[in-house]
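A.B. asks: sequence first, then the predicted structure:
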Amino acid sequence: MAEPEFTLLGDALWLDFVNTARGRVTSPPDLLPDGAAVLRWAEAQRLDLNGGAPSLIEVQQFRERLSALAEALHAGLQPPGGTIAAINQQLAQGGGCHQLTRISGGWQLRFAPERRASVLEAIAQSAAASLADSVRFVRRCAGESCSLFFIDDSSNQSRRWCNAVECGGQMKVERRRGLLR
């Protein structure tokens, strides 16, 4: 079976996007080197390309901002202001309105978009949702050569690896080898 082109295990769309410039090797290749790769990634994520694909420069700049956000959150720091502005800029592009909706006998105020979110809007919505959720933490994999980010929503925030089998298993083997020498 062939290896998938993209690693989609960040548990949040925006982290899967950030992880396209990261990997499990010391110098990972950029998985979004051109517009065609961006289209394949959007398709793999089942994102709507209404309005077309974003430009490669927009994609790279937004990914850079979100990478800084992931690094800050992993380190327990406040999000960079420029990143919040970039997220809000993407969120502002979606049209729609708030509507009152009856759910289970009660009323709720919900936002009703005019159209499906574009690729960058969907990524921005994912990042905003992660920031707004106080029980979800952004972590960088503890694997020795892995730099992938993931969401740790475990009850005691103890998850260490992006993939327990690939990175966690590798760490256990390396630990055993160290003990045997």
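C.D. replies: On my side now, so go ahead.
A.B. asks: what does residue 98 show for phi and psi?
C.D. replies: Phi and psi for residue 98, reported as degrees, to the nearest 10, are phi -80, psi 140.
A.B. asks: my guess is it contacts residue 112. True?
C.D. replies: Yes. Using Cβ atoms under 8 Å, residue 98 is in contact with residue 112, at 7.3 Å. Using the backbone N, CA and C atoms, a C-beta is placed for each residue, glycine as well.
A.B. asks: mind naming the longest helix for this protein?
C.D. replies: As assigned by DSSP state H, the longest helix anywhere in the chain is helix 56-74.
A.B. asks: just how off-centre is whichever helix or strand comes after it within its chain?
C.D. replies: Per DSSP states H and E, the first helix or strand lying C-terminal to helix 56-74 is helix 81-92. In terms of Cα atoms, centre = their mean, to the nearest Å, the gap separating the centre of helix 81-92 from the centre of its chain is 15 Å.
A.B. asks: ok and helix 81-92 relative to helix 56-74, angle-wise?
C.D. replies: 120 degrees (axes from the mean of the first three to the mean of the last three Cα atoms, to 10 degrees).
A.B. asks: now helix 81-92: buried residues?
C.D. replies: 83, 84, 86, 87, 90 (16 or more other Cβ atoms under 10 Å).
A.B. asks: what's the answer for stretch 144-162, then?
C.D. replies: In stretch 144-162, counting by 16+ other Cβ under 10 Å, buried: 146, 147, 148, 149, 150, 151, 152, 159, 160, 161, 162.
A.B. asks: for stretch 136-146, same thing?
C.D. replies: 136, 137, 138, 139, 140, 141, 143, 146.
A.B. asks: so which of those residues belong to strands?
C.D. replies: Judged by DSSP state E, the subset of the buried residues of stretch 136-146 located in strands is 137, 138, 139, 140.
A.B. asks: can you pull out the helices in this protein?
C.D. replies: Secondary structure of the chain by DSSP H: the helices cover 13-18, 35-44, 56-74, 81-92, 119-132, 169-180.
A.B. asks: nearest to residue 105, of those helices?
C.D. replies: helix 119-132 (26.1 Å; Cβ to Cβ).
A.B. asks: give me the angle between that closest one and helix 81-92.
C.D. replies: Going by the same axes, to 10 degrees, helix 119-132 makes 120 degrees with helix 81-92.
A.B. asks: what's the burial count for the nearest residue to residue 39 once chain neighbours are set aside?
C.D. replies: In space, and not counting its chain neighbours, residue 39 is closest to residue 53: 5.4 Å by Cβ to Cβ, 6 or more residues apart in numbering. Using other Cβ atoms under 10 Å, residue 53 has 18 neighbouring residues.
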